[in-house]
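Chemist: pasting the sequence and the predicted model now:
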Amino acid sequence: MNNLNSILVEGNLVRDPLLKSTAKGTQVCNLCIASNRYYKQDPNSAYEKEVSFFDVETWARLAEVCYAKGKKGRGVRVVGRLKQNRWNDPEGKTHSRINIVAEHVEFRPEFRKEAKPSVDSFDDEDYSSDENSELEMAAASSKPVGKELETVAF
């Protein structure tokens with residue numbers, strides 16, 4: 001039995017995505033997300049800002065879509081799992097890094113530059129690496145009148 005390992009992070013891309021291929025030709029896209037948290041030390045103080053940075057990797061078709069749709073500053077929501085990478089450097093010292101392996105990525109609306117923003121002036125996408133969830137997503141998605149939302153599942 002697998003233990004629960006799930007994470008949801010929402011923020012903005014810190015830089016443009018980086019697309020690579022493995023030796024077998026599988027696409028891998030690396031993203032870095034900044035997520036802001038605002039809090040007060042005490043009730044009479046001003047809000048303080050805390051920024052956390054998360055490294056995210058996407059695979060296969062999801063990687064290609066993230067590379068094509070992502071750009072620095074764009075808002076994203078990532079659902080995935082945590083993965084711990086361990087390695088030894090040439091001096092024998094052990095290192096460890098935790099990153100997120102994305103299973104589902106949603107891109108926040110990207111407003112087009114126009115004189116007046118209209119209802120149709122955004123691009124909101126929702127992508128998933130789970131090929132079996134296409135019917136579930138189609139059944140769960142309700143499209144508001146006057147807005148065209150693009151929902152794609154892989």
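Modeler: That came through, no problem.
Chemist: secondary structure element for Lys24?
Modeler: Assigning secondary structure by DSSP states H and E places Lys24 outside every helix and strand.
Chemist: can you check Val79 too?
Modeler: strand 75-88.
Chemist: end to end on stretch 4-19, go ahead and measure it.
Modeler: End-to-end distance of stretch 4-19 (Cα to Cα, to the nearest Å): 29 Å.
Chemist: re the thing from before, give the buried residues for the strand holding Val79.
Modeler: Across strand 75-88, burial judged by 16 or more other Cβ atoms under 10 Å covers 76, 78-80. Every C-beta, even on glycine, is put in place using the N, C-alpha and C of the backbone.
Chemist: likewise stretch 7-22?
Modeler: Quick answer for stretch 7-22 (16+ other Cβ under 10 Å): 9, 11, 13, 17, 19.
Chemist: for Arg112, state which of those residues is nearest.
Modeler: Ranked by distance to Arg112 (Cβ to Cβ), the buried residues of stretch 7-22 are led by Leu13 at 18.2 Å.
Chemist: which residues touch the most centrally placed residue in the chain?
Modeler: With distances taken as Cα atoms, centre = their mean, Val78 lies nearest the centre of the chain, 3.5 Å away. Contact analysis of Val78 by Cβ atoms under 8 Å, 6 or more residues apart in numbering lists 7-10, 31, 33, 54, 56, 100, 102, 104-106.
Chemist: circling back to that earlier point, closest one of the buried residues of stretch 7-22 to Ser45?
Modeler: Gly11 (24.2 Å).
Chemist: the spatially closest residue to the closest one that is not a sequence neighbour bridge partners, please.
Modeler: Leaving out its chain neighbours, the residue that sits closest to Gly11 by Cβ to Cβ, 6 or more residues apart in numbering is Ser35, at 3.6 Å. According to DSSP bridges, the residues that bridge with Ser35 are Ser52.
Chemist: in the sheet, who's paired with the residue nearest to the centre of the chain?
Modeler: Val9, Val105.
Chemist: and the helix of greatest length in the chain, average pLDDT?
Modeler: Longest helix in the chain, counting residues (DSSP state H): helix 60-69. Mean pLDDT, helix 60-69: 94.
Chemist: check stretch 105-118 too.
Modeler: 74.
Chemist: of the contacts of Val78, closest to Lys69?
Modeler: Val105 (8.5 Å).
Chemist: if anything else comes up later, I'll come back, but that's it for now.
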